[in-house]
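>>> pasting the sequence and the predicted coordinates here, then a few questions.
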Amino acid sequence: MTRSPDDLRLLWAVAATGALPREAALRLAREALGAPLRERLHREHGVALTALVTAAQHADRTLVRCGTCGTKTPLRQVRLDDASARCSCGGTVGLPSLLRELAREGAPPPVPPPTAGGPGRIGAYEIRGRVGAGAMGTVYRAYDPNLQREVALKVLHPQLASDANFVRRFRREAIVLARLRHPNIVPVYDLGEHEGIPYLAMAYLPGQTVRARVRTEGPRDARTALAWTSQALWGLCAAHAEGVVHRDVKPDNLLLDPAGEGEEVRLVDFGLAKPPEMRADISGGALVLGTPAYMSPEQCRGEAATPASDLYSLGCTMYFMLSGTPPFQGDAPVEVMHAHLDRAPARLAPLPDTCWNFLARLMAKSPSERPAGAAEAQRSATSLLAEMAIAAPRPGGPGHASDGETTVREPPTF
């Protein structure tokens, strides 16, 4: 059975919301479907978008009924992208079955959030405010009374905490990250569990993200963008040397730390462990987890992220620094993913040729055409910064220039 483009977009929207907090899931589903398809969903199937998203978020408790024998199967065990998925009786289950079930019985009620362990506490940490939420969990600004310092506390979403394999991966990779000691990586302090929900304590830094800075002050000049990229490459060098791939390098995950003189770029929110149900390629097979605007071509195809994938994503991030927009945009995430595979980014005319060539190499479609590693890319960035007479550790705003002599750090050898 051939799927229509509308069906594929619907499949993508259903599957991709499974491990997101509710507000983010609804936003993603709206973007993926578009108004006409949402109207068709309601008109032809009698299903509201909110019910579809709730079903995806609670796939263990959402049951899909076989149209032949009536047997119900948990949604998590059903491949919605497979039109020929079979029940034990030989009947089919899939997207049509799910829509019929939602129209008849609706989605299961949401699971209530976990308590915070008393007013304003998670474990030993005093909660002082909510920083934000993402695909993996919610981040709080908290205070550690034992060591008398502020921390950023990431608490896993309950639906992820119920997956034993995911929690094992989360713990294992958190231990690896805790060993990373580098000025361009936000350090991990503690790994714990509260009322069955794992959490991770990291350094709390009050600075802006690169995305926030560019949104509020406009695109950066070539020297500043290259300096920020150079510092991010230092962090990737250290992470890759330990076998850690970030998996989601983007402007939101580069923090400008105001500590000390100038600002220091720090990598945050490493993709510790990605839920297996969030992997997929754009053809409607397994699901993809990542940010489509900054996702490498190989990740768009559903392949595993590698150090080369981080370089591509950093290239897209540098493009955003210079232009104020990601290299590819579209009405739906799947369109952006196709662009990563098939389209060349628009040339940024004011950019010097040497800087554009560096950026274009980071964004090469094939991993083999990108720099051989973060260390090689960092050496190239260092060379360009020396030519531009700017100190890599001290980026600033448009027109920023370094004080005194240019300082260039030698890239590491791993």
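Noted; the coordinates are in hand.
>>> which element, helix or strand, includes Thr138?
Using DSSP states H and E, Thr138 maps to strand 137-144.
>>> what comes up buried for the following helix or strand past that strand?
Later in the chain than strand 137-144, the nearest helix or strand by DSSP H and E is strand 149-156. Neighbour counts over strand 149-156 (16 or more other C-beta atoms under 10 Å) mark Glu150, Val151, Ala152, Leu153, Lys154, Val155, Leu156 as buried. From N, CA and C alone the C-beta is placed, and that goes for glycine too.
>>> where does the stretch 251-400 of the chain dip in pLDDT?
Low-confidence segments of the stretch 251-400 of the chain, defined by pLDDT under 70: 259-262, 271-290, 390-400.
>>> just how off-centre is the helix or strand hosting Ala232 within its chain?
Using DSSP H and E, Ala232 falls within helix 222-241. Distance of helix 222-241 from the chain centroid (C-alpha atoms, centre = their mean, to the nearest Å) equals 18 Å.
>>> does anything pack onto the very next helix or strand once past it? Which helices or strands?
Toward the C-terminus, helix 222-241 is succeeded by strand 254-257 as the next helix or strand (DSSP H and E). Counting contacts by 3 or more C-beta pairs under 8 Å, 6 or more residues apart in numbering; DSSP states H and E, strand 254-257 packs against helix 210-217, helix 222-241, strand 264-267.
>>> one more time with 6 Å, if that's ok
strand 264-267 (3 or more C-beta pairs under 6 Å, 6 or more residues apart in numbering; DSSP states H and E).
>>> now for the helix or strand just after the strand it packs on, which elements pack on it?
Next helix or strand after strand 264-267 toward the C-terminus (DSSP H and E): helix 297-300. Judged by 3+ C-beta pairs under 6 Å, 6+ apart, helix 297-300 is in contact with helix 333-342.
>>> so which bits of the helix it packs on are buried?
Neighbour-count burial for helix 333-342, counted by 16+ other C-beta under 10 Å, picks out Pro333, Val334, Val336, Met337, His338, Ala339, His340.
>>> same list (the residues you listed) but as CSV, adding distance to Arg211.
Listed next are these as CSV, based on distance: C-beta to C-beta, whole Å:
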residue, distance to Arg211
Pro333, 17
Val334, 22
Val336, 16
Met337, 20
His338, 23
Ala339, 20
His340, 19
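>>> closest one of the residues you listed to Tyr204?
Pro333 (30.9 Å; C-beta to C-beta).
>>> just give the nearest non-adjacent residue to that closest one, would you?
In this structure, Pro333 finds its nearest non-sequential neighbour in Pro292, 4.1 Å apart by C-beta to C-beta, 6 or more residues apart in numbering.
>>> ditto for Ala364
Counting by C-beta to C-beta, 6+ apart, the residue nearest Ala364 is Arg370, at 4.9 Å.
>>> run through the residues that contact the one you found.
Arg370 makes contacts with Ala308, Leu311, Ala364, as judged by C-beta atoms under 6 Å, 6 or more residues apart in numbering.
>>> try 7 Å this time
Ala308, Leu311, Tyr312, Arg361, Leu362, Ala364 (C-beta atoms under 7 Å, 6 or more residues apart in numbering).
>>> quick check: the residue nearest to Pro333 touching Ala339?
No: counting by C-beta atoms under 7 Å, Pro292 stays clear of Ala339, with 9.2 Å between them.
>>> phi, psi of Tyr204?
Dihedral pair for Tyr204: phi -100, psi 120, per degrees, to the nearest 10.
>>> quick one, what contacts the closest residue to Arg215 other than its chain neighbours?
Using C-beta to C-beta, 6+ apart and skipping the chain neighbours, the partner closest in space to Arg215 is Gly324 (7.7 Å). Gly324 makes contacts with Val214, Gly218, Pro219, as judged by C-beta under 7 Å, 6+ apart.
>>> if we use 10 Å, what do you get?
Residues near Gly324 by C-beta atoms under 10 Å, 6 or more residues apart in numbering: Val214, Arg215, Glu217, Gly218, Pro219, Arg220.
>>> what's the closest non-adjacent residue to the fifth one?
Spelled out, that is Pro219. That would be Gly324: by C-beta to C-beta, 6+ apart, it lies 4.4 Å from Pro219.
>>> next one: the one you found from Thr92, what distance?
According to C-beta to C-beta, to the nearest Å, Gly324 and Thr92 sit 47 Å apart.
>>> now the residue nearest to Pro333: how far from Asp144?
For Pro292 relative to Asp144 (C-beta to C-beta), the value is 36 Å.
>>> so what's the closest residue to Ala174 other than its chain neighbours up against?
Spatially, and ignoring its direct neighbours in sequence, Ala174 is nearest to Leu191 (4.9 Å; C-beta to C-beta, 6+ apart). Counting by C-beta under 10 Å, 6+ apart, Leu191 touches Phe170, Arg171, Ala174, Ile175, Leu177, Ala178, Pro198, Tyr199, Leu200, Ala201.
>>> show me what Leu191 is bridged to.
Leu200 (DSSP bridges).
>>> before we move on, the earlier item: packing partners for the helix holding Ala232?
helix 210-217, strand 254-257, strand 264-267, helix 307-323, helix 353-362, helix 374-388 (3 or more C-beta pairs under 10 Å, 6 or more residues apart in numbering; DSSP states H and E).
>>> for Asn184, which of those is the nearest?
Closest among the helices and strands packed on helix 222-241, once you apply C-beta to C-beta, is strand 264-267, at 5.6 Å.
>>> ok now that closest one, how far from the chain's centre?
17 Å.
>>> Pro292 and Asp144: which is more packed in?
Pro292 (26 against 18; other C-beta atoms under 10 Å).
>>> need the contact list for the more buried one.
Neighbours of Pro292 in contact, by C-beta under 10 Å, 6+ apart: 16, 28, 31-32, 282, 299-300, 326, 328-330, 332-340.
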